[in-house]
Structure formats: structure tokens, C-alpha cells
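> coords below, sequence missing:
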């Protein structure tokens, strides 16, 4: 990346030498299109707490549940992050940690944490296995984000003024607590432990 640019006003150059802080928020508005009942999905990727890419798009198919809508948006988000990670690798900024994706749908998170729930979502097989494989390999970790702090909401639906302004400030990286980095590392450690448990469970089932 180079010290000539400090994203988001970062004034600590040691941060640029540490594991790059890449993460994303993803969300979907179920059956949002009044004409087609297709969902509107969106995500935003952030590096060193600064937005670097974002998308708002209408899904190409009609889905049957909010969970399926979230999974499609999550899959699109992962594809974008894979591209960004490859680019960072070429720049010599590869991270040893899983990339964090924030998601506000508990059912979506439970599916990847509990393979036995897969029977309820067989109609999204390809996207399920794509996401599941990336999480099991510790390339990504998916964590719950409270809906009121879901930055991707700003890309998928109209928001009331107070919530819009709150998300806008989050995206501007204003007044974030200094303990955020420590909390982020703790969250990643828990996610890695979950991924190990999931891998062990799958191996036991296969045997």
C-alpha cells in the first residue's frame, strides 16, 4: 500500500505493517422490488476501516425466504472479497487471519455453523457449499451484527433520518472506540475456534 496514502486518516504507520484489517458488511431486503418481488442485496467492503467497494443490486431470481436472500447476498460479498484478497496478495499485503463478514440474519449464520440444518436449504446448494467451504478453510468468518449497526442497510432500502445519519457516521469512521482492534481480534479467535469445531464435526460424520 505505501505510506503516501493513509486510508481513513490513519496516522499510525505501524497499523499498515500489521495484518490488514479487511472486513465487510452484507445485507438483503427480501422481496423488495414491487414489480418482480426480487430481493435487493448489498454489501460494503472496508480496509483499515475505510470503504473501498460497495454494491447495491437486484437479485436475478425470486427467492423463497429471507435466509435464502441473505445467502445470495453473502455469496456475492465473498466473491468480491476474494478478488480484493488476491489484489492485496499481489501488493504484498496478504493477511494470516480470516476475513470478517458481518451479517444480521441469525438463521443464515446458524446454517453454516450447523451442517445438519442444511436439509432446510437444499435449493441453494451451490451457494451453501461455496460459503461453507470458505468458512471451513478459515478464509472467512461470519459474525452477527445488530441490525441497527448494519452498514449495508444504506445500500438496500430507504432509511429513517436518524438511522441513515448513524450509518453515515460509521462509514466515515468517526469516534470509534480505541478498543475496537482488540475486540476484532477476539472475535476472530472465537470464529477460528468455531471453524475448527465444525471441521472436526464434519470429519467425524464422514468417518
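Here it is on my side, so go on. This is a predicted model, so every value here is computed, not measured.

> neighbours around residue 157, how many?
13 (other CB atoms under 10 Å). Every residue, glycine included, has its C-beta placed from N, CA and C.

> next one: phi and psi at it?
phi -160, psi 160 (degrees, to the nearest 10).

> pretty sure it sits against residue 30.
No. With contact defined as CB atoms under 8 Å, residue 157 does not count as touching residue 30 (10.3 Å).

> neighbours of residue 96, just the number please.
Residue 96 has 7 nearby residues by other CB under 10 Å.

> that one and residue 144, how far apart?
24 Å (CB to CB, to the nearest Å).

> next, residue 75: secondary structure please.
helix (DSSP: H, G, I helix; E, B strand; the rest coil).

> hang on, it packs against residue 131?
Yes. Using CB under 8 Å, residue 75 is in contact with residue 131, at 6.1 Å.

> quick one: least confident helix or strand in the protein?
Ranked by mean pLDDT, DSSP states H and E, the weakest helix or strand in the chain is helix 180-206, scoring a mean of 58.

> one step back: pick out whichever of residue 75 and residue 131 has more residues nearby.
Between residue 75 and residue 131, counting by other CB under 10 Å, residue 131 is the more crowded of the two (22 against 18).

> check which helix or strand covers the more buried one.
helix 125-136 (DSSP states H and E).

> report the buried residues of whichever strand or helix holds residue 68.
Applying DSSP H and E as the criterion places residue 68 in helix 66-90. Under the neighbour-count criterion of 16 or more other CB atoms under 10 Å, helix 66-90 has 66-78, 80-81, 84-85, 88 buried.
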